[in-house]
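K.L.:
the following block contains a protein sequence and its predicted model.
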Amino acid sequence: MADLSYLLFVTDALMPIRITYDKVNHGVELYYTGTVNADEISEAISSIATSIEIANLRFCVSDRTNCERLRVNSDDVSKSLIQIKSLGKLHPQLIIAFVSPDSFGFGMSRMFGTKAESVGLTTMVFRDRGSADEWIANETKQ
């Protein structure tokens, strides 16, 4: 069995977004469940930005595989970009993978990714977690 002691579970399992920190690989993972709205996403990003768990954050996975409903619009995407941009300044090597199996989540993630690239962030959107993990492994070993 794998040693998972390096993971720190930050948020309560009852919350719609659970955040885990991978201290070994310098990453953070967000797991969405149920219905998630823009305020909850903003709160999760703020939590990551103020965390002292990872000194040099290299990757973020935003996994919406178990998200039943994503309640965001294009204005919310623009607001999130402001938060992510400041996180990118703190961690310039940060890459972000979005996992969104459904069409709406995938489209919103693509919209965010396009805007994020315009401010120098590296993002990629995937329909499955395995592809996202493979991309992160390749990008972070460079």
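P.N.:
That came through, no problem.
K.L.:
ok, and for stretch 16-23, which residues are buried?
P.N.:
Buried residues in stretch 16-23, counted by 16 or more other C-beta atoms under 10 Å: Pro16, Ile17, Arg18, Ile19, Thr20, Tyr21, Asp22. For glycine as for every other residue, the C-beta is placed from the backbone atoms N, C-alpha and C.
K.L.:
next: stretch 100-111.
P.N.:
Within stretch 100-111, the residues scored as buried using 16+ other C-beta under 10 Å are Ser100, Gly105, Phe106, Met108, Ser109, Met111.
K.L.:
turn the residues you listed into TSV, including pLDDT.
P.N.:
Conversion of the buried residues of stretch 100-111 to TSV gives the following (pLDDT from 0 to 100):
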residue	pLDDT
Ser100	97
Gly105	93
Phe106	96
Met108	92
Ser109	93
Met111	92
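K.L.:
dump the residues you listed into JSON lines; add secondary structure and distance to Lys89 as well.
P.N.:
JSON lines is the format used below for these (DSSP: H, G, I helix; E, B strand; the rest coil; distance: C-beta to C-beta, whole Å):
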{"residue": "Ser100", "secondary structure": "coil", "distance to Lys89": "25"}
{"residue": "Gly105", "secondary structure": "helix", "distance to Lys89": "26"}
{"residue": "Phe106", "secondary structure": "helix", "distance to Lys89": "27"}
{"residue": "Met108", "secondary structure": "helix", "distance to Lys89": "23"}
{"residue": "Ser109", "secondary structure": "helix", "distance to Lys89": "21"}
{"residue": "Met111", "secondary structure": "helix", "distance to Lys89": "22"}
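K.L.:
any idea which of those is closest to Asp76?
P.N.:
Asp76 has its nearest neighbour among the buried residues of stretch 100-111 in Met108, at 8.5 Å by C-beta to C-beta.
K.L.:
for that closest one, give its distance to Lys23.
P.N.:
Distance of Met108 to Lys23, computed by C-beta to C-beta, to the nearest Å: 30 Å.
K.L.:
mind listing what the residue most central in space within the chain touches?
P.N.:
By C-alpha atoms, centre = their mean, the chain has its centre lying nearest to Ser62, at 3.1 Å. Counting by C-beta atoms under 8 Å, 6 or more residues apart in numbering, Ser62 touches Leu30, Tyr32, Ile96, Ala97, Phe98, Val99, Ser109.
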